[in-house]
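Novice: below is the structure, and that's it, no one-letter string:
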């Protein structure tokens, strides 16, 4: 990779480094984050730079170190909790949903914790290392959820998450870690939480997505442009709070909406988006809102089976074409 290129993984690492340099209250805690440099090497070199008081290796005990982070946050620190894979956050469910998410409502105290969750499939990692966890937590009041799709947003949204006084699930797409690049050096400017962006303008169909699926949406839009179908790709960036104003503005322009995500279709986050569009934009729609998601099955380890259960670019093209021409 050329010296002037920065990967998605680099962006996460650089943003975390910048926040730890800027604020001594920020510290990192999780399994293998120190001596090993993190499961994906995001925190390589952090232990040597910041020491073991700010880069804390833990036992395999997600509930324990998540609870420790809550106590640290209540004492003025800003913990960044890393789960090696987002799937493992399930063992900290009670701490997050019953304690951390509700504490500000109960007491008025700030709870500035960032949960770094490498999530998603396409790495042939099987059913317990490939899940998309956003819908599990989107139903819980008190949590914010971000899911960057670009190198710049990976850095900017992480900085905003760490500075936020609320608990934030930072969903980083491990599939994108080394697959997408941007010219360096990064500005590392914070990106506001709760603001979507138009990744590609269009006027025939709105294709709404987030995280790795944004790139699949852009591929589909490029292919459909050759057929004369103009697709507007909207990158949500933040799931909670949802920038519905951006969704509404796009849908009112195109009169058609498709929601794409990698997570299973049944009760996936796209269902919430589709319902909101149906309620708020009904009179602007020329077609029902359509959802594209994975099949309702555990994620296989077998490459052909994993490919078969996840949305394919060809499937996205076919669905969007049908919506655009109906």
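Specialist: Structure's in. What do you need? Computed from a predicted structure; not experimentally measured.
Novice: which elements pack onto whichever strand or helix holds residue 279?
Specialist: Assigning secondary structure by DSSP states H and E places residue 279 in helix 269-280. Contact partners of helix 269-280 among helices and strands, from 3 or more C-beta pairs under 8 Å, 6 or more residues apart in numbering; DSSP states H and E: helix 134-138, helix 244-254, strand 257-264, strand 290-294. Any C-beta I mention is one placed from the backbone N, CA and C, and that applies to glycine too.
Novice: export the ones you listed as CSV, with columns for mean neighbour count and distance to residue 275.
Specialist: As requested, these are arranged in CSV below (neighbours: other C-beta atoms under 10 Å; distance: least, C-beta to C-beta, whole Å):
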stretch, mean neighbour count, distance to residue 275
helix 134-138, 20, 13
helix 244-254, 18, 11
strand 257-264, 26, 10
strand 290-294, 21, 10
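Novice: can you put those in TSV and add distance to residue 91 and mean pLDDT?
Specialist: Converted to TSV, these look like this (distance: least, C-beta to C-beta, whole Å; pLDDT from 0 to 100):
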stretch	distance to residue 91	mean pLDDT
helix 134-138	13	97
helix 244-254	33	98
strand 257-264	20	98
strand 290-294	23	98
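Novice: for residue 114, give me its contacts.
Specialist: Applying C-beta atoms under 8 Å, 6 or more residues apart in numbering to residue 114 gives the contacts 78, 79, 80, 81, 158, 161, 162, 164, 167, 168, 170.
Novice: and those residues, which of them are buried?
Specialist: Using 16 or more other C-beta atoms under 10 Å as the burial test, the contacts of residue 114 include 78, 79, 80, 81, 158, 161, 162, 164, 167, 168, 170 as buried.
Novice: in the stretch 201-326 of the chain, where is pLDDT below threshold?
Specialist: Low-confidence regions of the stretch 201-326 of the chain, defined here as pLDDT under 70, do not occur.
Novice: show me where this structure has strands.
Specialist: Under the criterion DSSP state E, strands of the chain are mapped to 5-7, 26-30, 55-57, 78-82, 114-119, 144-146, 168-173, 181-183, 197-200, 205-209, 231-235, 238-240, 257-264, 290-294.
Novice: still on that earlier bit, could you give the angle of the helix holding residue 279 to strand 205-209?
Specialist: For helix 269-280 and strand 205-209, the angle between their directions (axes from the mean of the first three to the mean of the last three C-alpha atoms, to 10 degrees) works out to 140 degrees.
Novice: how about helix 269-280: buried residues?
Specialist: Going through helix 269-280 with 16+ other C-beta under 10 Å, the ones that come out buried are 269, 270, 271, 272, 273, 274, 277.
Novice: a markdown table please, covering the residues you listed and showing distance to residue 93.
Specialist: Rendered in a markdown table, the data for the buried residues of helix 269-280 read as follows (distance: C-beta to C-beta, whole Å):
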| residue | distance to residue 93 |
| --- | --- |
| 269 | 18 |
| 270 | 23 |
| 271 | 21 |
| 272 | 20 |
| 273 | 24 |
| 274 | 26 |
| 277 | 30 |
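Novice: which one of those residues is nearest residue 290?
Specialist: residue 274 (7.9 Å; C-beta to C-beta).
Novice: which ones are touching residue 324?
Specialist: With contacts taken as C-beta under 8 Å, 6+ apart, residue 324 has the following neighbours: 204, 205, 224, 229, 231, 256.
Novice: tabulate those residues (TSV), appending neighbour count and distance to residue 118.
Specialist: Compiled in TSV, the contacts of residue 324 are given as follows (neighbours: other C-beta atoms under 10 Å; distance: C-beta to C-beta, whole Å):
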residue	neighbour count	distance to residue 118
204	19	35
205	28	31
224	21	31
229	19	34
231	29	29
256	24	33
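Novice: make a markdown table out of the residues you listed and add distance to residue 74.
Specialist: Supplementary listing: these in a markdown table, determined by distance: C-beta to C-beta, whole Å:
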| residue | distance to residue 74 |
| --- | --- |
| 204 | 51 |
| 205 | 47 |
| 224 | 50 |
| 229 | 52 |
| 231 | 46 |
| 256 | 47 |
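Novice: my understanding was that residue 310 contacts residue 121; is that so?
Specialist: Yes: under the criterion of C-beta atoms under 8 Å, residue 310 lies in contact with residue 121, with a separation of 6.0 Å.
Novice: okay, these two: which has more neighbours?
Specialist: For residue 310 versus residue 121, neighbours defined as other C-beta atoms under 10 Å are more numerous around residue 121 (25 against 22).
Novice: hang on, isn't the more buried one packed against residue 301?
Specialist: No: contact status for residue 121 versus residue 301: not in contact, 10.3 Å apart, counting by C-beta under 8 Å.
Novice: which of the contacts of residue 114 lies closest to residue 22?
Specialist: Comparing the contacts of residue 114 against residue 22 with C-beta to C-beta places residue 162 closest, at 9.4 Å.
Novice: these two touch, right, that closest one and residue 25?
Specialist: No: under the contact definition of C-beta under 8 Å, residue 162 does not touch residue 25, with a separation of 9.8 Å.
Novice: now the angle from the longest helix anywhere in the chain to strand 78-82?
Specialist: In the chain, ranked by residue count with DSSP state H as the criterion, the top helix is helix 8-22. Our comparison of helix 8-22 with strand 78-82, counting by the same axes, to 10 degrees, yields an angle of 150 degrees.
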